[in-house]
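S.K.: What shape does this take:
(one chain, ligands or ions: 1)
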Amino acid sequence: MDIGITLAKMPTYYDGTAHYLLKADEDFVALNRFIGRQISVEFLNQKFCAGCGQEFAELFRMGFCKNCFFTRPEAGESIIRPELSRAHLGEEDRDLAFEKGYQLQPHIVYLANSGGLKVGVTRGRQQWHRWMDQGASYALVFAQTENRYQAGQIEVALKAFIGDKTPWQRMLKNQVEAIDLLAEKERLAAELDKDLSQWVSAHKEVNEIHYPVRQYPDKVKSLNLNKSRSITAKLQGIKGQYWIMEGGNVLNVRSHTGFRVRLSLPASIATAKDATD
Ligand SMILES: [Zn+2]
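M.R.: Predicted coordinates:
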């Protein structure tokens, strides 16, 4: 079965295990059922901007062409740096209506262990998706705020003590050190000034996230479809936004946003359970 796909961040859902989907032109492909099977990905040498949809020889950043990256509200400064949010002041960055809709809603600051301790921000109710996108093994809600700006202020304050990056190689090798997230929450909450500590939540539940991975690699090598063009290998698992292929090659699907590929999948698969047992 061959499917044409313009790659983009894989949608997720959770039912005790992370599930990953791929958005094809007309449907979604449930990827977990192909774990343990040989798949092929061939880059068709076309790239499409996630903003305007036009074809470009090169995309600039985040799957956007240069123009969209510098003009679209979906690529605005506050998307990557929540502390730069201005909608709560009524100030526009690129599109005030979009920014109000995005920023002026409850947000969550979380602590995650994806191979090391990190802090992150996400919109309320998005946290499980966010944790799966990052390949977090454990996560704990740290604070709940009314808007994105407040969450960004807390994240900035916590970055004085802990990082905000996912150590992707350790995450993919499943080298997860034991970290007491609740003790970290208490330690870090005590460092905040009152104007920020008022948002610290009562959550004590450390969420464990399970991934559909048959075998974690000892070494990882990141694939670049600009260079490799095509890959054929057994899919060993999916974690974060990465496909883990047999032999330790990993494909960061999100970083290939906009790449047009032909995906070849084994045709007959009885059930998801057969494929992941
Ligand atoms: Zn564009």
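S.K.: residues in contact with residue 226?
M.R.: Under the criterion of CB atoms under 8 Å, 6 or more residues apart in numbering, the contact partners of residue 226 comprise residue 43. For every residue, glycine as well, the C-beta is placed using N, CA and C.
S.K.: Can you tell me the SS state at it?
M.R.: Applying DSSP: H, G, I helix; E, B strand; the rest coil to residue 226 yields a three-state assignment of helix.
S.K.: Name the nearest residue to residue 159, sequence neighbours excluded.
M.R.: Closest residue to residue 159 in three dimensions, ignoring its sequence neighbours and counting by CB to CB, 6 or more residues apart in numbering: residue 119, at 6.6 Å.
S.K.: where's the one you found relative to residue 176, distance?
M.R.: In this structure, residue 119 and residue 176 are separated by 17 Å, where distance is defined by CB to CB, to the nearest Å.
S.K.: Neighbour count: the two, which is higher?
M.R.: residue 119 (22 against 17; other CB atoms under 10 Å).
S.K.: which residues pair with the more buried one across the strands?
M.R.: On the basis of DSSP bridges, residue 119 is bridged to residue 111.
S.K.: give the contact list for it.
M.R.: Shown in contact with residue 119 (CB under 8 Å, 6+ apart): 109, 110, 111, 112, 142, 155, 158, 159, 162, 163, 164.
S.K.: Please identify the helix or strand for the spatially most central residue of the chain.
M.R.: With distances taken as CA atoms, centre = their mean, the residue of the chain nearest its centroid is residue 133 (2.7 Å). Taking DSSP states H and E as the criterion, residue 133 maps to helix 127-134.
S.K.: Toward the C-terminus, what is the element adjacent to that helix?
M.R.: In the C-terminal direction, the helix or strand that comes right after helix 127-134 (DSSP H and E) is strand 138-145.
S.K.: what's that following strand packed up against?
M.R.: Identification of packing neighbours for strand 138-145 by 3 or more CB pairs under 8 Å, 6 or more residues apart in numbering; DSSP states H and E yields strand 107-113, helix 127-134, helix 148-158, helix 181-189, strand 207-208.
S.K.: Any chance of JSON lines for these, columns distance to the ion?
M.R.: As requested, these are arranged in JSON lines below (distance: least, CB to the ion, whole Å):
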{"stretch": "strand 107-113", "distance to the ion": "27"}
{"stretch": "helix 127-134", "distance to the ion": "23"}
{"stretch": "helix 148-158", "distance to the ion": "24"}
{"stretch": "helix 181-189", "distance to the ion": "39"}
{"stretch": "strand 207-208", "distance to the ion": "36"}
